[in-house]
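Student: Fold the following and give me the result.
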Amino acid sequence: MTPVRVLVIEREYRSNINPIRPEAAQIAALHQTGQVRVTVMCNPGSILEDYYRERGIEVIPQPLERKLSLSAIRHIRRVIRSHRIQLLHLFSNTPVSNGATAAIGLPVKVIAYRGQTGNIRRFDPSSYLSMLHPRIDKIICVAKAVEQDLARHVRQPEKRLATVYKGHDPSWYQNPPADLSALNLPEGAFTVSLVANLRPRKGLQVLMDATHIWPAGHNIHLLLVGAEPDNPKIQQMIANSGCPNQIHPLGWRNDAPEVAAASDLTVLPTLKREGLCRAVLEANSYGTPAVMSDTGGNAELVADGETGLIVPPGDARALAEAIYRLYQDPALTARFGAAAKQRIIDKFNVEQGVEATLAIYKALAAELA
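Tutor: So this is what the prediction gives:
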């Protein structure tokens, strides 16, 4: 059987708060099936270049900084022709806008990846450079909630949309937990990590509001990965919290999964526009349960009352009560953690992602025959 020829275009090029990229692992695994021949185009200096090359994948450097770049579009078209590409698989908005535009008039199928809900509207012209681009044949969504959100805007959603969960491998999560000794935490501290780029929609203020609800004398300590200690806004939020001496901004760290592994609980109080949170997938893979808000695909990731707790977005009291419940019940926290780890193994493994994506590739390639 002749392999399906796929050009993957992605923009990732710098160090990341969570260095493991499940999308990259899935792409490599698809190539290694022998049923797909992958070529990757990405920004020069991408942290993933060596990863792909070590796995026998050709990497083509191409700056991808502008929403529409004539030079990038021309280069993509040349590669499609020279490599006889059948499928374009495009990750993030810049590759989508350039890649889908480059595909106009060429006999190639176009797949876009969608990782979160929101920000797509039929009457917004910018949406037609991303998920509503008329040249896109298929959109692979990271969660059912993302698919359902897009279905309100995309024509023929039953044909053009599919959900494929990110694939994670237990072997990625064998590092020892992060050393938190420098924080001088008190004996018996219950550590709660928030791993996120702390934009307003990630809900840090909701977590800060929750600290005022906990009874005095509690031993809950918050570890904020991504919150810079010298940021005046972060400093002010901590100062105004209910327990400023128990909140620890850790800044930008490449061992974010290991910080979650060292925590008793991870939390994600997102207000809107969530997909399938990778930080929670990583924490769960280490056996750390989560309390998270019911946005995007979170309710698909965490089984409420079985592997963690789901609370309404923006509800500081519900968030505070959920965290405090687990703080008071170590046995329940441990039970949730073990169940969360097993759920990742059973439902969010690499194999299911490869199998589902391969089926999509084959179906689209068959339409070209």
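Student: just for this protein, where's the confidence low?
Tutor: Counting by pLDDT under 70, the chain contains low-confidence ranges at 12-20.
Student: mind running it again at 50?
Tutor: 17 (pLDDT under 50).
Student: what about the helices in it?
Tutor: With DSSP state H as the criterion, the chain has helices at 22-32, 49-54, 70-82, 93-102, 144-151, 157-160, 204-210, 232-239, 256-261, 278-285, 298-301, 316-328, 330-347, 350-368.
Student: mind checking how far the last one is from the chain centre?
Tutor: Helix 350-368 has its C-alpha centroid displaced from the chain centroid by 21 Å (CA atoms, centre = their mean, to the nearest Å).
Student: Dump it to CSV, restricted to CA.
Tutor: What follows is helix 350-368, C-alpha atoms only, in CSV (Å, rounded to 0.1, in the frame of the first residue of the first chain):
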residue,chain,number,x,y,z
VAL,A,350,-1.5,7.8,21.9
GLU,A,351,-2.9,4.7,20.1
GLN,A,352,-6.5,5.9,20.0
GLY,A,353,-5.3,9.3,18.6
VAL,A,354,-3.2,7.6,15.9
GLU,A,355,-6.0,5.2,15.0
ALA,A,356,-8.6,7.9,14.7
THR,A,357,-6.3,10.3,12.7
LEU,A,358,-5.2,7.6,10.4
ALA,A,359,-8.8,6.8,9.5
ILE,A,360,-9.4,10.4,8.7
TYR,A,361,-6.3,10.5,6.5
LYS,A,362,-7.3,7.4,4.6
ALA,A,363,-10.8,8.6,4.0
LEU,A,364,-9.7,12.0,2.6
ALA,A,365,-6.9,10.5,0.5
ALA,A,366,-9.5,8.1,-1.0
GLU,A,367,-11.5,11.1,-2.2
LEU,A,368,-8.6,12.2,-4.3
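Student: Run the angle between that helix and helix 330-347 for me.
Tutor: If you take axes from the mean of the first three to the mean of the last three CA atoms, to 10 degrees, helix 350-368 sits at 30 degrees to helix 330-347.
Student: got the angle between helix 350-368 and helix 22-32?
Tutor: Going by the same axes, to 10 degrees, helix 350-368 makes 60 degrees with helix 22-32.
Student: in helix 350-368, what counts as buried?
Tutor: Applying a neighbour-count criterion of 16 or more other CB atoms under 10 Å, one finds 350, 353-354, 356-358, 360-361, 364-365 buried in helix 350-368. Heads up, the C-betas are built off the backbone N, CA and C, glycines and all.
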